[in-house]
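**Student:** quick one, fold the following:
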Amino acid sequence: MKLYEALAADFEESIRKGVLRAGDKLPSVRQTSRSRKVSASTVFQAYYLLEGRGLIRARERAGYFVAPSVRASMSQPARPSAPRDESVSVGVSALVADILASVRTRSVAQFGSAFPSPELFPFARLGRSLASTARFADPWSSMDDLSPGNAVLRRQISLRYLADGVSVAPDEIVITNGALEALGLCLSAVTQPGDTVIVECPAFYAALQMIERMGLRAVPIRTHPTKGIDLTALEHAIIRHSPKVCWFMTTFQNPLGCTMSEVRKKELVALLARHQIPMIEDDVYAELYFGDVRPAPAKAFDKKGLVMHCSSFSKSLAPGYRIGWAAPGRFAAAVAREKIAVSLSACVPAQLALADYLKHASFDKHLRRLRQTLASRQSTLVRALAHYFPSGTLATQPKGGYFLWVEVPGELDVLDIQRQAMAIGVSFAPGPMFSAAGEFRNCLRLNYGHPWDVHAERSIETLGKMLLKAMRSDTARVAVPA
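**Tutor:** Model prediction:
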């Protein structure tokens, strides 16, 4: 993050928390330059950035003042998805690979990225843990820490479950190469090619890819953009399709961002228990909540060992270390066998480093800063969408994570717009990536986990203009008589 961006972020945080209120005068450029030990140019850039976001206003010969409180006029989607009640073969891998390959360049506006910005994570502190544990590691750890994984790390993960009121013994935990491997191991432990898997609609694209790769069939379930899975539709699908497993994200679902209430999570777990259907719970974003209390996972209400809970440190602490885990309940032994057969072990030095960090560093302090930053960036993006995107656009505003789901009015095709946007360095994730049937062509997922700067603002402005142009073209096409 550049110096002026950091300064702007500090002022924005003060405005968001109410330290600076509407009408308050900001310190003069000279005063801020002196107190922050930065150049006047840096202060001007920070104030210009805040002004561009609509947070402050300049008054001639008077200075800068906090703007009147303006709530983003973005309504949230209110209609659930309406997938067909049928199982389908999945074919999204080519599209997903094409989209993901396009966001690896740093100069691209990273609204299509699957990851938050690397600058949000304590790589220097993690590096010290990695160096220290590597220096003093017992050579036998390369053998001792094979699957199910390092005992100290599994105990630290178990303690974090306990702090959230969830009882998971260290022996149940299987350390994996990231959450994706954990999810895949759980899926392969309970299915055979040709079996049916129930998923949300829209669904996390990697779930669809894995279902495709394993030769399984998907049954998409009606999902509300803020409330999550429709339980009536789920029970109907269970009775009709006899699935082997369900794969759900009950907290900060990707791409919608929705979180099921505790009551509905309990009902979900009870429903699956009645039908003896296991559930894979993908819970990688749960540490990124914006409220006071972490939302309880469905795993917290599981009395039958049917919930296979999967998570990782990639989204909350250590992207690139590729350390995740599964807590698979009654399927722990089967998942551990799958792990040995697939990759034998997760990276031992990375396991040792994370175990050391969790024991000796302040993970929760890091998480508090991370959550504050993400919450602030979400607000900034929503304000920009309200300002630049076409009238009638809807956007989810989840209470955690780092994704927004956007619905644009009309019949436009976001795949065409995605290609045009990437040609000028603006990325986003188009809706069809998240559908087994290629639906949601007027929808897109936006990542707000990267720094908000002039480039990001201009990129959203440009994308809004492209969407508006496409909508006008579509309206003109429909208006022309056949």
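**Student:** near Pro148, how many other residues are there?
**Tutor:** The burial metric for Pro148, expressed as a neighbour count using other Cβ atoms under 10 Å, is 24. For the C-beta atoms, the positions are set from N, CA and C on the backbone; glycine is no exception.
**Student:** surely it and Ala182 touch.
**Tutor:** No - with contacts defined as Cβ atoms under 8 Å, Pro148 does not count as touching Ala182, sitting 11.4 Å away.
**Student:** overlap of the contact sets of those two?
**Tutor:** With contacts defined as Cβ atoms under 8 Å, 6 or more residues apart in numbering, the residues shared by Pro148 and Ala182 are Val174.
**Student:** may I have the lowest-mean-pLDDT helix or strand in the chain exported as PDB, CA atoms only?
**Tutor:** Here the helix or strand of the chain ranked lowest by mean pLDDT, DSSP states H and E is helix 141-144, holding a mean of 70. Backbone C-alpha positions of helix 141-144 (Å, rounded to 0.1, in the frame of the first residue of the first chain) are rendered in PDB as follows:
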ATOM      1  CA  SER A 141       9.500 -34.500  12.000                       C
ATOM      2  CA  SER A 142       9.600 -35.300   8.300                       C
ATOM      3  CA  MET A 143       8.300 -38.700   9.300                       C
ATOM      4  CA  ASP A 144       6.300 -37.900  12.400                       C
END
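**Student:** in the stretch 151-300 of the chain, which spans are helices?
**Tutor:** For the stretch 151-300 of the chain, the helices defined by DSSP state H, counting those that start in this stretch cover 151-163, 178-190, 205-213, 231-241, 262-275.
**Student:** wait, Pro390 sits on Leu468?
**Tutor:** Yes - with the criterion set as Cβ under 8 Å, Pro390 and Leu468 qualify as a contacting pair; they are 4.8 Å apart.
**Student:** which residue is the nearest non-sequential neighbour of Val29?
**Tutor:** In space, not counting the residues next to it along the chain, Val29 is nearest to Val43; the distance is 4.7 Å by Cβ to Cβ, 6 or more residues apart in numbering.
**Student:** close enough to count as contact, the one you found and Lys37?
**Tutor:** No - with contacts counted by Cβ under 8 Å, Val43 stays clear of Lys37, the gap being 11.0 Å.
**Student:** related to what we said a few turns ago, state the mean pLDDT of the host helix or strand of the residue nearest to Val29.
**Tutor:** With secondary structure defined by DSSP states H and E, Val43 is part of helix 40-52. When pLDDT is averaged over helix 40-52, the result is 87.
**Student:** so which elements touch it?
**Tutor:** Contacting helix 40-52 under the criterion 3 or more Cβ pairs under 8 Å, 6 or more residues apart in numbering; DSSP states H and E are the following elements: helix 3-16, helix 29-36, strand 56-59, strand 63-66, helix 454-479.
**Student:** just the CA atoms of that helix, as PDB, please.
**Tutor:** As requested, C-alpha coordinates have been extracted for helix 40-52 and formatted as PDB (Å, rounded to 0.1, in the frame of the first residue of the first chain):
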ATOM      1  CA  ALA A  40       2.300  17.900   1.400                       C
ATOM      2  CA  SER A  41       1.900  16.100  -1.900                       C
ATOM      3  CA  THR A  42       1.200  12.900  -0.100                       C
ATOM      4  CA  VAL A  43      -1.500  14.600   2.000                       C
ATOM      5  CA  PHE A  44      -3.100  16.100  -1.100                       C
ATOM      6  CA  GLN A  45      -3.200  12.700  -2.800                       C
ATOM      7  CA  ALA A  46      -4.900  11.200   0.300                       C
ATOM      8  CA  TYR A  47      -7.500  13.900   0.400                       C
ATOM      9  CA  TYR A  48      -8.100  13.700  -3.300                       C
ATOM     10  CA  LEU A  49      -8.700   9.900  -2.900                       C
ATOM     11  CA  LEU A  50     -11.100  10.500   0.000                       C
ATOM     12  CA  GLU A  51     -12.900  13.200  -2.000                       C
ATOM     13  CA  GLY A  52     -13.200  10.800  -4.900                       C
END
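**Student:** report the angle between it and helix 3-16.
**Tutor:** Regarding helix 40-52 and helix 3-16, their directions subtend 50 degrees when assessed with axes from the mean of the first three to the mean of the last three Cα atoms, to 10 degrees.
**Student:** and helix 40-52, what's buried?
**Tutor:** Judged by neighbour count using 16 or more other Cβ atoms under 10 Å, the buried positions of helix 40-52 are 42-43, 45-50, 52.
**Student:** could you pull up the residues touching His360?
**Tutor:** Applying Cβ under 8 Å, 6+ apart, the residues near His360 are Ser129.
**Student:** any idea how far it lies from Arg330?
**Tutor:** Between His360 and Arg330 the distance is 34 Å, computed by Cβ to Cβ, to the nearest Å.
**Student:** I figured Pro80 was touching Thr223, is that so?
**Tutor:** Yes - taking contacts as Cβ under 8 Å, Pro80 lies within contact range of Thr223: 6.0 Å.
**Student:** got the contact list for the least confident helix or strand of the chain?
**Tutor:** So helix 141-144 is in contact with 138, 150-151, 348, 352, going by Cβ under 8 Å, 6+ apart.
**Student:** try 6 Å this time
**Tutor:** Identification of contacts with helix 141-144 by Cβ atoms under 6 Å, 6 or more residues apart in numbering yields Val348.
**Student:** now the longest strand anywhere in the chain: mean pLDDT?
**Tutor:** The residue-count maximum for a strand in the chain (DSSP state E) belongs to strand 217-224. Within the predicted structure, the mean pLDDT of strand 217-224 is 97.
**Student:** ok, stretch 396-409 next?
**Tutor:** Confidence for stretch 396-409, expressed as mean pLDDT, is 96.
**Student:** next: stretch 346-364.
**Tutor:** Mean per-residue pLDDT for stretch 346-364: 94.
**Student:** quick one: buried residues of it?
**Tutor:** Buried residues in stretch 346-364, counted by 16+ other Cβ under 10 Å: 346, 348-358, 361, 363.
**Student:** from the residues you listed, pick the one nearest Val263.
**Tutor:** Out of the buried residues of stretch 346-364, the one with the shortest distance to Val263 is Phe363. That distance is 29.6 Å, counting by Cβ to Cβ.
**Student:** low-confidence ranges in the stretch 1-150 of the chain?
**Tutor:** Segments of the stretch 1-150 of the chain classed as low confidence (criterion: pLDDT under 70) are 52, 68-73, 102-104, 144.
**Student:** what's the angle from the longest strand of the chain to helix 205-213?
**Tutor:** Interaxial angle of strand 217-224 relative to helix 205-213 (the same axes, to 10 degrees): 160 degrees.
**Student:** quick thing: my sequence starts at 251, can you match it?
**Tutor:** Understood, numbering begins at 251; the last thing we discussed is strand 467-474.
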